[in-house]
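**Q** following is a predicted model, sequence given first.
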Amino acid sequence: MLSRRTLQYLRALVVLPTRDLAIQVKTVFDAIAPAVGLSVGLAVGQTSVAADTAQFIRHRRNSMQNLSDPKGMEMSTSESSVDILIATPGRLMDHISSTRGFTLEHLCYLVVDETDRLLREAYQYWLPNVLSTAQSNHHENRGATWSSVSARLGPITTFRRDVLGRGFKTKTDPRVMKMILSATLTRDPSKLSQLALHQPLFLASTGAEKRYKLPEQLEIYTLVRFVSQT
């Protein structure tokens with residue numbers, strides 16, 4: 001989905017609790033993303049905030065003509081140079097609070113790995129900050145058509161795909177898609193509510209503890225049938 005983009009904005013954010021895990025994930029993304037034309041950034045506190053900024057924020061100088069100043073003037077604009085950012089919570093909050101040009105308003109996908117640990121430890125309240133920042137322009141654009149908003153704002157607004165809630169086929173709501181990953185996902189409602197999940201779908205791998213167990217008395221038989229080819 002990200003590879004179909006026309007303009008480059010930060011549209012996917014992957015959050016992990018430690019620097020080592022983030023670097024491992026970045027290695028995997030580096031092997032996959034370039035093949036579909038996507039670029040990936042890393043913000044984990046291994047380098048300075050300025051070094052991070054130089055990696056995934058680019059600054060452009062635009063000349064503007066002013067009638068009162070025939071020589072004109074230059075203005076600098078900042079924009080993302082990556083489609084996907086992998087970050088630890090502390091460094092992510094540093095960029096949200098202080099990095100010029102860093103924005104999550106175009107975010108379409110939020111991936112949270114080691115969810116139990118990230119929900120257990122506050123990490124500077126990163127989650128409510130991310131959710132509020134990512135949804136800041138969502139409510140303003142809700143219900144607007146592409147043509148009307150495009151004509152007014154130009155190509156600066158991301159329209160997230162409308163998500164049809166299961167069982168609510170007549171209602172659509174563009175929102176950030178969240179992917180929550182954990183080996184031991186908490187079932188504490190007070191913790192899960194922090195994620196602001198909408199019509200969540202639970203998926204478990206075959207190696208995980210089964211939620212439902214078959215009766216021990218159940219007997220299973222296999223019938224093997226051989227067909228002669230003559």
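**A** Yes, it's here.
**Q** how close does Leu92 get to Leu127?
**A** As for Leu92, its distance to Leu127 is 10 Å (criterion: C-beta to C-beta, to the nearest Å). (C-beta placed from N, C-alpha, C; glycine too.)
**Q** the strands in the chain, which residues?
**A** Secondary structure of the chain (DSSP state E): strands at 12-15, 40-43, 57-66, 69-80, 84-87, 109-112, 162-164, 172-174, 177-180.
**Q** the more surrounded of Leu92 and Leu127?
**A** A count of neighbours by other C-beta atoms under 10 Å puts Leu92 above the other of Leu92 and Leu127, at 24 against 19.
**Q** next one: that one from Ser48, what distance?
**A** Per C-beta to C-beta, Leu92 is found 15 Å from Ser48.
**Q** same question, Glu216
**A** If you go by C-beta to C-beta, the gap between Glu216 and Ser48 works out to 59 Å.
**Q** returning to what we had before: mean pLDDT lowest where, among the strands of the chain?
**A** Mean pLDDT is lowest for strand 162-164 out of the strands of the chain, coming in at a mean of 45.
**Q** quick check on Arg100: phi, psi?
**A** Backbone torsions for Arg100, taken as degrees, to the nearest 10, come to phi -70, psi 130.
**Q** what's the local residue count around it?
**A** If you count neighbours by other C-beta under 10 Å, Arg100 ends up with 12.
**Q** what do you get for Ser205?
**A** Ser205 has 6 nearby residues by other C-beta under 10 Å.
**Q** CA-only coordinates of the longest helix along the chain, as CSV, when you get a sec.
**A** Secondary structure of the chain per DSSP state H: the longest helix is helix 19-32. Only the C-alpha atoms of helix 19-32 are listed here, as CSV (Å, rounded to 0.1, in the frame of the first residue of the first chain):
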residue,chain,number,x,y,z
ARG,A,19,17.6,0.1,20.4
ASP,A,20,18.8,-3.4,19.6
LEU,A,21,15.4,-4.6,18.6
ALA,A,22,14.9,-1.5,16.5
ILE,A,23,18.2,-2.0,14.7
GLN,A,24,17.2,-5.6,13.9
VAL,A,25,13.9,-4.5,12.5
LYS,A,26,15.6,-1.8,10.4
THR,A,27,17.9,-4.5,8.9
VAL,A,28,14.9,-6.4,7.7
PHE,A,29,13.2,-3.3,6.3
ASP,A,30,16.4,-2.4,4.5
ALA,A,31,16.3,-5.7,2.7
ILE,A,32,12.7,-5.3,1.6
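**Q** need the contact partners of it.
**A** With contact meaning C-beta atoms under 8 Å, 6 or more residues apart in numbering, helix 19-32 is reached by 14, 16, 40, 42, 44-46, 84, 86-88, 113-114.
**Q** mind listing what's buried along it?
**A** Using 16 or more other C-beta atoms under 10 Å as the test for burial, helix 19-32 gives 21-22, 25-26, 29.
**Q** how far away from the center of its chain is that helix?
**A** Centre-to-centre, helix 19-32 and its host chain are 15 Å apart (C-alpha atoms, centre = their mean, to the nearest Å).
**Q** would you agree Ala33 is in contact with Val14?
**A** No - Ala33 is not in contact with Val14 according to C-beta atoms under 8 Å; the separation is 11.5 Å.
**Q** shared neighbours of these two, anything?
**A** Ile84.
**Q** any idea which of the contacts of helix 19-32 is closest to Met1?
**A** Nearest to Met1, judged by C-beta to C-beta, of the contacts of helix 19-32 is Ile84 at 11.7 Å.
**Q** quick one: least confident helix or strand in the protein?
**A** In the chain, no helix or strand scores lower on mean pLDDT, DSSP states H and E than helix 146-153, which sits at a mean of 37.
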